[in-house]
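Asker: Let's see this in three dimensions:
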Amino acid sequence: MPDHQQPKKRLFVTLMGLTCLMIVGVIYLLWWIPTTGLANIHPSLPRIVGIAFGALSLIALVGTLVLVLTTALGKDILFTRFLRGVVVKFLLPVIELIGRACGISIDTIRQSFIAMNNSLVLSQRFKVKPDRVLILLPHCLQLFECEIKVTGDINKCARCGRCNIMGLADLAHKYSIDISVATGGTLARKVIIEKRPKLVLAVACERDLTSGIKDCYPLPVIGVLNDRPFGPCFNTKVDVDKIDESLQAVIG
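Answerer: From the prediction side, this is the model:
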């Protein structure tokens, strides 16, 4: 795979640390600016508010440190699922804004986010039965010229080997795992609601994987980026061995 398909967690961790420092700075300003007015109300009020804001700052710093250690060590240290939710639901939009302000492309930030999300999911070391795992694929993995459309039923694949669908279908059969091909986010959400898996392994581009991880939380999602040698949404490819490796890590 090309280098851009090998995302690094450290970029997102760095941006997350910068975001945390900015949040602490904002908390301090929110306390410092109205200090005089609070003292006029009651002499003890600035100290009480300061303690409250100090506690918030400490929580932000400790939470960031726990996430960094969890990502680095690959072990569930404390409240990983909850902290992943904070990142997915609240911090990600802020981190994207800060990253873009630093001249980093949105796709690069999302690649790093997906890598960190995968690390947090895998750090929980849980094992899932094969029948509770869902592999979710984009339709653009299928050869555009193929007359047999596998959307809805991947078993229609003729196993010609001209695209990755054959290898993925064989992988799903090997582990007895549900596998679905979706034409968009709406259909993907419908499939997840119908099948009710405990874990999703999704293949897509940066944008779709990021939005899918956000929409599915707290359901754990492992994201695998596709390769786009012919541009977006056309005859894309994916590393089947990487998917096999991810499945081996979570199937019990």
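Asker: If you count neighbours, what's buried in stretch 128-145?
Answerer: For stretch 128-145, burial by neighbour count (16 or more other Cβ atoms under 10 Å) applies to 128, 133, 134, 135, 136, 137, 138, 139, 140, 141, 142. Placement of C-beta: from N, CA and C, glycine included.
Asker: Strands along this structure, start to end?
Answerer: 133-138, 178-182, 199-204, 221-225 (DSSP state E).
Asker: Look at the closest residue to residue 176 other than its chain neighbours and report its pLDDT.
Answerer: Distances taken as Cβ to Cβ, 6 or more residues apart in numbering put residue 130 closest to residue 176, at 4.8 Å, once the chain neighbours are dropped. Per-residue confidence (pLDDT) for residue 130: 94.
Asker: do residue 227 as well
Answerer: 95.
Asker: same thing with the one 5 residues further on?
Answerer: Residue 232 is assigned a predicted lDDT (pLDDT) of 90.
Asker: Next, it: phi, psi?
Answerer: With angles defined as degrees, to the nearest 10, residue 232 sits at phi -70, psi 140.
Asker: ok, the nearest residue to it once chain neighbours are set aside - contacts?
Answerer: Leaving aside its sequence neighbours, residue 232 sits nearest to residue 205 (Cβ to Cβ, 6+ apart; 6.3 Å). Contact analysis of residue 205 by Cβ atoms under 8 Å, 6 or more residues apart in numbering lists 138, 225, 226, 228, 232, 233, 236.
Asker: What's the separation between residue 205 and residue 130?
Answerer: 27 Å (Cβ to Cβ, to the nearest Å).
Asker: For burial, what's the neighbour tally of the residue nearest to residue 210 when sequence neighbours are not counted?
Answerer: Excluding its sequence neighbours, the residue lying closest to residue 210 (Cβ to Cβ, 6+ apart) is residue 110, at 4.7 Å. Look at residue 110: counted by other Cβ atoms under 10 Å, it has 25 neighbours.
Asker: What pLDDT is listed against residue 110?
Answerer: 95.
Asker: hey, where'd the helices end up in the stretch 51-200 of the chain?
Answerer: Taking DSSP state H, counting those that start in this stretch as the criterion, the stretch 51-200 of the chain carries its helices at 80-86, 92-101, 106-123, 165-175, 185-195.
Asker: Okay, buried residues for the third one please.
Answerer: In other words, helix 106-123. Residues of helix 106-123 classed as buried by neighbour count (16+ other Cβ under 10 Å): 108-123.
Asker: same deal with the shortest one?
Answerer: Within helix 80-86, the residues that qualify as buried are 80, 83, 84, counting by 16+ other Cβ under 10 Å.
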